[in-house]
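> show me how the following folds:
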Amino acid sequence: MKKSHGHLQQDTEMIFKFIKENRSSFQVKKMCHVFNVSPSGYYRWIKAPISTRQIEKDHLKKRIQELFEQHNGMVGSPIITADLHDQPEFSNVSRQRVARMMKEMGLKCRTVKKFVVTTDSKHTEPVAPNLLDRKFTVSSPDLVWVTDITYLKIGSKWHYLTVFIDLFSRIVVGWDLSDSLERHSAIRALNKAILRRHPGQGLMVHSDRGVQYASSDFRALLQKRGFVQSMSRKGNCWDNAVAESFFHTIKTQMIHHCTFHNVAEAEQTLFHYIKVYYNRQRKHSTNEYKAPAQYELEWWDDRKAA
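The predicted structure is shown next:
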């Protein structure tokens, strides 16, 4: 059976590669004679060709660059590799190869800034014990929600973003933007989360010791719903590390790079980042490198199939 032109070209390229790799041990002319290829053809290949492997490498680099830009330069090789694995043509690309290429391309995850404290824990309201105790891995949705508050500037005035995050999948279940650090924003964000998720009694809600969460109104809402309150130890940000991590991400990927002129503009940008990007696209290592919404959907599908 005759070989096609494509196969012959591929065979010739493999021979030329072998000759190139062994030219320090054997004469090029003699190897060309043994393999029945033209020396002049070999030297043309050395000077001009773009090999199939090089084409594939350039294609991979282009895709890595696109994914890095989609994440606003705030992810490293693990998430880029997980994104690549969503596409069949890149399903076998290793993390080590991606890391090596990112290094060659000068793509490095940007460093993040430290937080400014936005909650006031110097108050006389009662505080709850640290029931969560850094147990950040839970077995199903709506067992534990964590919450925190951060700040962003709109026009010339500071505003405050409150979020509630489900520990199971790290999905943001509720959020609210306010021009005040009063308790009302935290209550609105919690009510939005309740309306969306309909959690049962016994849900643990973990926060820092901020006056917003210690207020009688907030505690009354928890009691009414049959929720359990948990608070971090005094001055210990690691007790609420998941919420802190979310704010690291949103501030360095979005907030630090935006200028908001009005509340409507800020809310639209936050909606797109939280609902579209963070919940549905950004993969998490704790979710087996799946986006929060996908991780939850697969969990529910497994329960239906069982």
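> put the alpha carbons of the host helix or strand of residue 100 into PDB.
Here residue 100, judged by DSSP states H and E, is contained in helix 95-105. The C-alpha coordinates for helix 95-105 follow below in PDB (Å, rounded to 0.1, in the frame of the first residue of the first chain):
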ATOM      1  CA  ARG A  95       0.600  21.300  34.700                       C
ATOM      2  CA  GLN A  96       4.400  21.100  34.600                       C
ATOM      3  CA  ARG A  97       4.300  22.000  30.900                       C
ATOM      4  CA  VAL A  98       1.900  24.800  31.400                       C
ATOM      5  CA  ALA A  99       4.000  26.200  34.200                       C
ATOM      6  CA  ARG A 100       7.200  26.000  32.100                       C
ATOM      7  CA  MET A 101       5.500  27.800  29.200                       C
ATOM      8  CA  MET A 102       4.000  30.500  31.400                       C
ATOM      9  CA  LYS A 103       7.500  31.100  32.700                       C
ATOM     10  CA  GLU A 104       8.900  31.300  29.200                       C
ATOM     11  CA  MET A 105       6.100  33.800  28.300                       C
END
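> next helix or strand past that helix?
Downstream of helix 95-105 (by DSSP H and E), the next one is strand 144-154.
> from the chain's centroid, how far away is the helix holding residue 100?
For helix 95-105, the separation from the chain centroid amounts to 18 Å (computed by CA atoms, centre = their mean, to the nearest Å).
> and what of stretch 269-280?
Centroid separation for stretch 269-280 versus its chain: 12 Å, with CA atoms, centre = their mean.
> same deal with stretch 276-291?
On CA atoms, centre = their mean, the centre of stretch 276-291 falls 5 Å from the chain's centre.
> distance between the ends of it?
End-to-end distance for stretch 276-291, by CA to CA, to the nearest Å: 11 Å.
> what sits up against that stretch?
Contacting residues not belonging to stretch 276-291 are listed as 71, 75, 78-79, 81-83, 85, 136-137, 169-172, 246, 249-250, 292-295, 298 [CB atoms under 8 Å, 6 or more residues apart in numbering]. From N, CA and C alone the C-beta is placed, and that goes for glycine too.
> kindly recompute the last result at 7 Å.
For stretch 276-291, the surrounding residues in contact (CB atoms under 7 Å, 6 or more residues apart in numbering) are 78, 79, 82, 83, 169, 170, 171, 172, 292, 293, 295.
> with just CA atoms, put the helix or strand containing the first one into CSV.
Of the helices and strands defined by DSSP H and E, residue 78 is found in helix 77-84. In CSV, the C-alpha atoms belonging to helix 77-84 read as follows (Å, rounded to 0.1, in the frame of the first residue of the first chain):
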residue,chain,number,x,y,z
SER,A,77,-0.6,27.2,36.2
PRO,A,78,-3.1,25.0,38.2
ILE,A,79,-6.2,26.9,37.1
ILE,A,80,-4.9,27.5,33.6
THR,A,81,-4.3,23.8,33.2
ALA,A,82,-7.7,23.0,34.5
ASP,A,83,-9.2,25.4,31.9
LEU,A,84,-7.2,23.8,29.2
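> what does that helix rub up against?
By CB under 7 Å, 6+ apart, helix 77-84 touches 63-64, 67-68, 71, 90, 93, 95, 98-99, 102, 283, 285, 289.
> could you give the mean pLDDT of that helix?
The average pLDDT for helix 77-84 rounds to 91.
> what angle sits between that helix and helix 95-105?
110 degrees (axes from the mean of the first three to the mean of the last three CA atoms, to 10 degrees).
> from the contact counts, what lies against the helix or strand where residue 159 lies?
Per DSSP H and E, residue 159 falls inside strand 157-166. Strand 157-166 sits against strand 144-154, strand 172-178, helix 183-197, helix 241-253, with contacts defined as 3 or more CB pairs under 7 Å, 6 or more residues apart in numbering; DSSP states H and E.
> in stretch 207-219, what's buried?
For stretch 207-219, the neighbour count (16 or more other CB atoms under 10 Å) marks 207, 208, 209, 210, 211, 212, 213, 214, 215, 218, 219 as buried.
> end to end, how far does it reach?
Per CA to CA, the first residue of stretch 207-219 is 12 Å away from its last.
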